[in-house]
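1. sequence and predicted structure below; questions after.
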Amino acid sequence: MGGTNMRGVRNVLVLAALVLVIGGCASEATTTEGSSSTDLRPLAFGGERYFKIDWQAGQRDGTSIVSGSVENMYGASAWRVQLLVEGLDEKGRLVNQKVAWLGGDIAPFGSGYFEVPVQKLPHYRVRVFAYDWIQSADLLF
């Protein structure tokens, strides 16, 4: 009985250690500014299938910005949409990243506008970082 109980305690300790390690790694994945040690990747897969992003680099009041629109090409409303705006050097290497909230919901087949202040760089890339679908209880019945 004592061996089985100790094995259970050991399994719980190993699981707790894994949760702490994974949680610590997840908390490190924030925006990076001039560092490639923690490159962010989109959290939600399929963003390129459900959303179309049109964007351009520009300036507003002397500040470099990336602005544009995100079109929801799916038949459900999207909410908590976050964009990953990446600054690239002249060779296409990642210089910095910024996660920006789109703000508001995007209706089915609708669009939302964004404007993100950025560091002036030769190139940028904009991708959907995360999103959720609004699901209605009415659809269940």
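-> The structure has been received and is ready for your questions. Numbering: from 1, shown residues only.

2. how is the chain carved up into domains?
-> The chain breaks down by automatic domain parsing into domains covering 1-30, 47-134.

3. over the first one, what's the mean pLDDT, rounded is fine.
-> So the one you mean is domain 1-30. For domain 1-30, mean pLDDT rounds to 47.

4. please apply the same query to stretch 52-71.
-> So the average pLDDT for stretch 52-71 ends up being 98.

5. one step back: which of the domains of the chain sits most buried?
-> Of all those, domain 47-134 carries the top mean neighbour count, a mean of 16, counting by mean count of other C-beta atoms under 10 Å. Yep, even glycine has a C-beta here, placed from its N, CA and C like the rest.

6. and the end-to-end length of it?
-> Taking C-alpha to C-alpha, to the nearest Å, domain 47-134 runs 15 Å from one end to the other.

7. show me where this structure has helices.
-> Ranges of helices in the chain, per DSSP state H, are 2-28, 47-50.

8. nearest residue to the middle of the chain?
-> Nearest to the geometric centre of the chain sits residue 129, at 2.3 Å (C-alpha atoms, centre = their mean).

9. how close does that one get to residue 103?
-> Note on residue 129: its distance to residue 103, by C-beta to C-beta, to the nearest Å, is 14 Å.

10. what residues are shared contacts of the two?
-> The contact sets of residue 129 and residue 103 do not overlap (C-beta atoms under 8 Å, 6 or more residues apart in numbering).

11. who's in contact with stretch 114-127?
-> In contact with stretch 114-127 (C-beta under 8 Å, 6+ apart) are residues 33, 42, 47-48, 53, 55, 57, 60, 63-70, 83-90, 92, 95-96, 98, 100, 102-103.

12. got the end-to-end distance for it?
-> 12 Å.
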